[in-house]
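starting from these lines, generate the structure:
(one chain, ligands or ions: 2)
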Amino acid sequence: MDPVHPGETLRVDTPPALAPSKTAGAGTCFVVPTYNEAPNIVPLLLRLTGLYTDPDAAFLVVDDESPDGTGRLVRELAAADGRVRLLEGPRRGFGQAYVRGMTYALETLGANAVVQMDADFSHDPAAARLLLDRLADGADVVIGSRYVAGGSLDPRWHVGRRLLSRWGNRFARYIADIRGVRDCTSGFKAIRAEALRAARVEDIRARGHTFQIMLLHRLIHAGARVVEEPIHFRDRERGRTKLGARSILEFFCTVWWLRLTSHRVLLKYGLTGLVGVLVNLGSFRILLDLGVHKFLASPIAVELSIVSNFLMHNYWTFADRVMIGRKRVRGLKYNAVSMATLALSYAIFVGLSVLFPRASPVLLQACAIVPAVALNYLTNSYWTFQDTAPK
Ligand SMILES: Nc1nc2c(ncn2[C@@H]2O[C@H](COP(=O)(O)OP(=O)(O)O)[C@@H](O)[C@H]2O)c(=O)[nH]1
Ligand SMILES: [Mg+2]
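Ligands and ions are numbered 1, 2, ... in the order given. Presented below is the predicted three-dimensional model:
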C-alpha cells in the first residue's frame, strides 16, 4: 500500500462494485446450483457475465429440472452467450448438484478454478473477485467467510437462525476436526482445480448442505492451503429457501461420521470403553470368587477398569499425540474425569426420573449415558490427553 503523507487522507482500496474485470475469472468456472430460482437466475447471470468478462470464464448452472422453468431461462441466455452453460438432471439435491457441476467444470470445461455460489444473491457476485484475487496470491481455497473480522450476517436473521449457524459451525469445526476455519459451512468459495482433484470431489455422497463440510474436510485433509475472506451474507429477496430439517439432520450425522472415519481416535476410544466393561465385570467375578465382599469388589472392579482404560488410551488411543506432563498426573486427571462422568450421568438419571416418573429406567439410563460419554470423551481428548504438538 502507498505510504500516507501528512495532509493526505488514507485511501481504502475497495474494488468498484460494478466495474468489469478481465483478469479475475480467466479459466474460472462459476458453479451455481438451482432449484426454482426463476426470479433470480437471469439477474444473477447477467451480473456475473457483466463483471467477469474474460472469454475463458464459464458460468455453469446446475439445475434439477426446476418446475418453475429456471432451466429454460438459462438455455435462452446460453444461446446468446456461449460462456453460460446449463447442466440438467433429475433432482438429487444441492450436494449432488455441486458434485456434478464441479466434476463437469474440471473434466469437460478444463477449468483451472471453480467458484461455488448460491443463485439467490446471498453471495455478492462482485465479492467473488476478492476470492479469486486471493487464489491468485497462492491460496488453494478461499472461503467467503461470515465469521472472520469484517464479515457479517444479514441483520434480518433472527436469533434462532444465528445460533444454529454459529453453533453448527463450532460443532463441525471441533467434531469433524476442521481446524482453524471460522466459517466451515459457507457456500461461497473459490477453489483451485488441483485442490478439487486432490479432494476427489466426484466421490462425495452428500445430498444436502452437508456437502460444504464434506468438501472442506476433504480439501484440508488433501493438504490444501485454506484462507478466509470476509463477506457480507445477505438474505434472499426472491424465491424460497430449500434448507429443511432433513438437511440439518444430515449435517449432524455427517459431522460425527467424519470424526469417526477420519481420525479413528473415536473408534479406539469406543473399543477401549468396551474393554473397560470386560475388565470391570471380569475382575468383579474373580474378586467375588476370591471371597471379597461385593460392596468392596464393586469399587475395586471400577477402579481396575479405569486404570486399564487409562493405560490403553495412553499407549494406544492417543499414542500419536505429543503430551507434556507426567503420566501420573494424567492418570489422576483421567480418574477425576471418570468420577465427573459418573456424577453427571447419575445427576441426569435422577433428574430424568423425576421429570418422567413413568418412563422405563433402562431408557432413562441410556439417555443419561449419551451426554456423559460425550463429556468424558471431550474432556479426556482436550484436557487429559491434550495434544501439545504445534498445529
Ligand atoms: N440443483 C439443485 N440446487 C438446489 C437444490 N436445493 C437448493 N439448491 C440451490 O442451492 C442454493 C442454496 O439453496 P438455498 O435454498 O438458498 O439454501 P439456504 O441459502 O441455506 O437457505 C440455491 O441456489 C438453490 O437454488 C437442489 O435440490 N438441487
Ligand atoms: Mg440461500
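
which bits of the chain sit near ligand 1?
Contacts of the chain with ligand 1, taken as C-beta under 6 Å from any ligand atom, map to 33-35, 37, 62-64, 91, 93-94, 97, 118-120, 122, 236, 241-243. C-beta: built from backbone N, CA, C; applies to glycine.

out of the residues you listed, list just those in helices.
93, 94, 97 (DSSP state H).

ligand 2: which of these is nearest?
residue 94 (9.9 Å; C-beta to the ion).

contacts only, for the residue nearest to the closest one when sequence neighbours are not counted.
In space, and not counting its chain neighbours, residue 94 is closest to residue 33: 5.5 Å by C-beta to C-beta, 6 or more residues apart in numbering. By C-beta atoms under 8 Å, 6 or more residues apart in numbering, the contact set of residue 33 is 61, 62, 63, 64, 94, 97, 98, 101, 118, 119.

mind putting those residues in a markdown table, neighbour count included?
A markdown table is the format used below for the contacts of residue 33 (neighbours: other C-beta atoms under 10 Å):
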| residue | neighbour count |
| --- | --- |
| 61 | 28 |
| 62 | 26 |
| 63 | 27 |
| 64 | 22 |
| 94 | 24 |
| 97 | 24 |
| 98 | 24 |
| 101 | 24 |
| 118 | 19 |
| 119 | 25 |
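
against residue 187, how distant is the residue of the stretch 151-300 of the chain found nearest ligand 2?
Proximity of the stretch 151-300 of the chain to ligand 2 (C-beta to the ion) peaks at residue 236, 5.0 Å away. When distance is defined by C-beta to C-beta, to the nearest Å, residue 236 is 12 Å away from residue 187.

where do the contact lists of these two overlap?
In contact with both residue 236 and residue 187: 118, 122, using C-beta under 8 Å, 6+ apart.

the helix or strand of the chain with the lowest mean pLDDT - contacts with which helices or strands?
Across the helices and strands of the chain, mean confidence by mean pLDDT, DSSP states H and E is lowest for helix 245-263: a mean of 79. Contacts defined by 3 or more C-beta pairs under 8 Å, 6 or more residues apart in numbering; DSSP states H and E place helix 245-263 against helix 159-175, helix 211-221, helix 265-289.

which ones are touching residue 85?
Taking C-beta under 8 Å, 6+ apart, one finds 58, 59, 60, 61, 78, 109 in contact with residue 85.

next, the angle from the helix or strand that contains residue 346 to helix 265-289.
Per DSSP states H and E, residue 346 falls inside helix 327-355. Angle, helix 327-355 to helix 265-289, by axes from the mean of the first three to the mean of the last three C-alpha atoms, to 10 degrees: 90 degrees.

quick check: mean pLDDT across helix 327-355?
Average pLDDT, helix 327-355: 92.

and stretch 182-199, by the same measure?
Mean predicted lDDT for stretch 182-199 stands at 96.

what's the answer for stretch 363-381, then?
Stretch 363-381 comes out at a mean pLDDT of 85.

distance from it to the middle of the chain?
For stretch 363-381, the separation from the chain centroid amounts to 23 Å (computed by C-alpha atoms, centre = their mean, to the nearest Å).

what does that stretch contact?
Against stretch 363-381 from outside (C-beta under 8 Å, 6+ apart): 265-266, 269, 273, 313, 318, 334, 337-338, 340-342, 344-346, 348-349, 352-353, 356.

buried among those residues? Make that a ChimeraX selection.
In ChimeraX syntax, the buried subset of the contacts of stretch 363-381 is picked out as below (16 or more other C-beta atoms under 10 Å):
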select :265,266,269,273,313,318,334,337,338,341,344,345,348,349,352
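
would you map the strands across the stretch 101-250 of the chain?
113-116, 141-145, 189-192, 226-230 (DSSP state E, counting those that start in this stretch).

could you say what helices and strands the first one packs with?
Under the contact definition 3+ C-beta pairs under 8 Å, 6+ apart, strand 113-116 sits against strand 28-34, helix 93-107, helix 128-136, strand 189-192, helix 193-198.

what lines up beside that strand in the sheet?
strand 28-34 (parallel), strand 189-192 (antiparallel) (DSSP bridges).

export these to JSON lines and append columns for distance to residue 47.
Formatted as JSON lines, the strands paired with strand 113-116 follow (distance: least, C-beta to C-beta, whole Å):
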{"stretch": "strand 28-34", "distance to residue 47": "11"}
{"stretch": "strand 189-192", "distance to residue 47": "17"}
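
for residue 219, which of those is the nearest?
Residue 219 sits nearest to strand 189-192 of all the strands paired with strand 113-116, at 7.1 Å, using C-beta to C-beta.

can you list the residues of the stretch 51-200 of the chain near ligand 2?
By C-beta under 5 Å from the ion, the residues of the stretch 51-200 of the chain that approach ligand 2 are 118, 120, 122.

can I get those in CSV including distance to residue 201 and pLDDT?
Output for those, formatted as CSV (distance: C-beta to C-beta, whole Å; pLDDT from 0 to 100):
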residue, distance to residue 201, pLDDT
118, 18, 97
120, 23, 96
122, 22, 96
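
quick one: the least confident helix or strand of the chain to helix 211-221, angle?
Going by the same axes, to 10 degrees, helix 245-263 makes 20 degrees with helix 211-221.
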